[in-house]
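Pasted the sequence and its predicted model underneath.
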Amino acid sequence: MLAGCQTSPLPPPAKEIRRAQPLLGTFVVISAIGTNSAAVHRAIDLAFDAVREVDALMSLHRADSELVRLNASASEGPVAVSEELFRVISFAQEVSRQTDGSFDVTIRPVADLWGFIWKQHRLPTDAELEKALTNVGHQRVELDPVRRTVRFNRPGVSIDLGGVAKGYAVDSAIMTLRKHGVADAMVRAGGDLRVIGSQPGQAGWEVQLEDPAHRGKRVAVRLRDESISTAGNYENFFVVDGRRYSHILQPRTGLPVEGLAACSVRATTCMESDALSTALFVLGPERSVKQFGGTMAFRFTLMPHPADPSRWPVVASELWSANGDDR
């Protein structure tokens, strides 16, 4: 009789585990949900390992990275590269073609002049910019998918994957979490973020977009199985004589893009949202709405007008609010 009244113990509740590590020049934050804490921690460990592997391949700040080795020798002839590096460079080239060169990984020689890569800022001369721009253009990179080789078609070309590699690293972490049984997670690397599943009791994940003015007025966006990336002028910049120079450069002129504070893009993968947020920042709101308004969810924050510094106008595609409850 007593045995018949016994009930099975309730399964342990799902628990969110959140950890952060300094990687990719920023803090990578992983939040994962599961009922087995030990298994979730193990999956997070492996996800951080996946991020480190991407960094070892694509960082400009590591002398032993595959990208640094490629930059040193690809002007001399075709260089065979790993499958992952080839995939990311190929994707970057495709985004360059789609956006008329607004996204261009060959911008590195110009970024070096401004000191943005190593954050040793300076104003380059017109002559320096003119010379450096001869080595900029996605047409300078030649890919052979059969042999999986990369070649630069003139000396002085060098590529920087900073506008796409973080997104790829986030995707790699998400895929690793999924592979090891985690169905609900969020991975953030600076301004790049991807979520799968949802938080307990929620319809998805609520994330916060940074306020370019640092007034604490962040925008909340709800995501599910989606990525979001923000390109902005409020982190890597310097000011000379009251004029702001930010790290997002126009590949045709070598000059910083002005008039915009931020551009956020939502996409299926973080590699997509990472590259496209920079590409659309360079394209600007008008061209972005005309070319991608019906196919892509994006949101611009414009710099305030001098006559009304408290007002930060916003331009968004119709798909932006349709895909979530940003507020």
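That came in fine, so what should we check first?

From here on, just use CA atoms for contacts and neighbour counts.
Fine.

Just list what whichever strand or helix holds residue 132 packs against, helices and strands only.
Using DSSP states H and E, the element containing residue 132 is helix 126-133. Packing contacts for helix 126-133, counted by 3 or more CA pairs under 8 Å, 6 or more residues apart in numbering; DSSP states H and E, involve helix 108-114.

buried sites along the helix holding residue 132?
Neighbour counts over helix 126-133 (16 or more other CA atoms under 10 Å) mark 129, 132, 133 as buried.

again with stretch 307-322
Buried residues in stretch 307-322, counted by 16+ other CA under 10 Å: 312, 314, 316, 317, 318, 319, 320.

what's whichever strand or helix holds residue 220 packed up against?
Using DSSP H and E, residue 220 maps to strand 219-223. Strand 219-223 sits against strand 205-209, with contacts defined as 3+ CA pairs under 8 Å, 6+ apart.

quick one: the strand it packs on to strand 219-223, angle?
150 degrees (axes from the mean of the first three to the mean of the last three CA atoms, to 10 degrees).

Let's see the helix or strand harbouring residue 274 as PDB, backbone CA atoms only.
Using DSSP H and E, residue 274 sits within helix 270-283. Extracted in PDB, the C-alpha atoms of helix 270-283 (Å, rounded to 0.1, in the frame of the first residue of the first chain):
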ATOM      1  CA  CYS A 270      26.500  35.500 -36.600                       C
ATOM      2  CA  MET A 271      29.000  35.500 -39.400                       C
ATOM      3  CA  GLU A 272      26.300  37.000 -41.600                       C
ATOM      4  CA  SER A 273      25.200  39.600 -39.100                       C
ATOM      5  CA  ASP A 274      28.800  40.500 -38.200                       C
ATOM      6  CA  ALA A 275      29.800  41.300 -41.800                       C
ATOM      7  CA  LEU A 276      26.600  42.800 -42.900                       C
ATOM      8  CA  SER A 277      26.400  45.300 -39.900                       C
ATOM      9  CA  THR A 278      29.700  46.800 -41.100                       C
ATOM     10  CA  ALA A 279      28.700  46.600 -44.800                       C
ATOM     11  CA  LEU A 280      25.400  48.500 -44.200                       C
ATOM     12  CA  PHE A 281      27.100  51.000 -41.800                       C
ATOM     13  CA  VAL A 282      29.300  51.900 -44.800                       C
ATOM     14  CA  LEU A 283      26.400  51.900 -47.300                       C
END
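
what sits up against it?
Helix 270-283 is contacted from outside by 92, 95-96, 99, 102-103, 163-168, 170-171, 192-194, 227-231, 248-250, 257, 260, 262-267, 288, 298, 300, using CA atoms under 8 Å, 6 or more residues apart in numbering.

If we use 6 Å, what do you get?
Residues outside helix 270-283 that contact it (CA atoms under 6 Å, 6 or more residues apart in numbering) are 102-103, 163-164, 167-168, 171, 227-231, 263-267, 288.

and what of stretch 240-247?
Stretch 240-247 has contacts (CA under 6 Å, 6+ apart) with 116, 233, 236, 237, 238, 256.

Which ones among the contacts of helix 270-283 lie within strands?
In strands, judged by DSSP state E, the following of the contacts of helix 270-283 are found: 227, 228, 229, 230, 231, 263, 264, 265, 266, 267.

Please render the buried residues of stretch 307-322 as CSV that adds distance to residue 210 to the earlier fields.
Formatted as CSV, the buried residues of stretch 307-322 follow (distance: CA to CA, whole Å):
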residue, distance to residue 210
312, 13
314, 14
316, 16
317, 19
318, 21
319, 20
320, 17
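
Give me the local confidence score for the residue lying closest to residue 52 once chain neighbours are set aside.
Among residues not flanking residue 52 along the chain, residue 23 sits closest, at 7.3 Å (CA to CA, 6 or more residues apart in numbering). Note on residue 23: pLDDT of 95.

What is the burial count for residue 23?
As a burial measure, residue 23 scores 16 neighbours (other CA atoms under 10 Å).

what does the one 4 residues further on give?
Close neighbours of residue 27, defined as other CA under 10 Å, add up to 13.

quick one: it is in a strand?
Yes - under DSSP: H, G, I helix; E, B strand; the rest coil, residue 27 sits within a strand.

just the ones in strands among the contacts of helix 270-283 now: which is nearest residue 201?
residue 227 (20.6 Å; CA to CA).

The closest one: what's it in contact with?
Residue 227 is in contact with 193, 194, 266, 267, 268, 269, 270, counting by CA under 6 Å, 6+ apart.

Turn these into CSV, including distance to residue 34 and neighbour count.
Converted to CSV, those look like this (distance: CA to CA, whole Å; neighbours: other CA atoms under 10 Å):
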residue, distance to residue 34, neighbour count
193, 20, 28
194, 18, 31
266, 26, 26
267, 25, 20
268, 23, 15
269, 23, 21
270, 23, 31
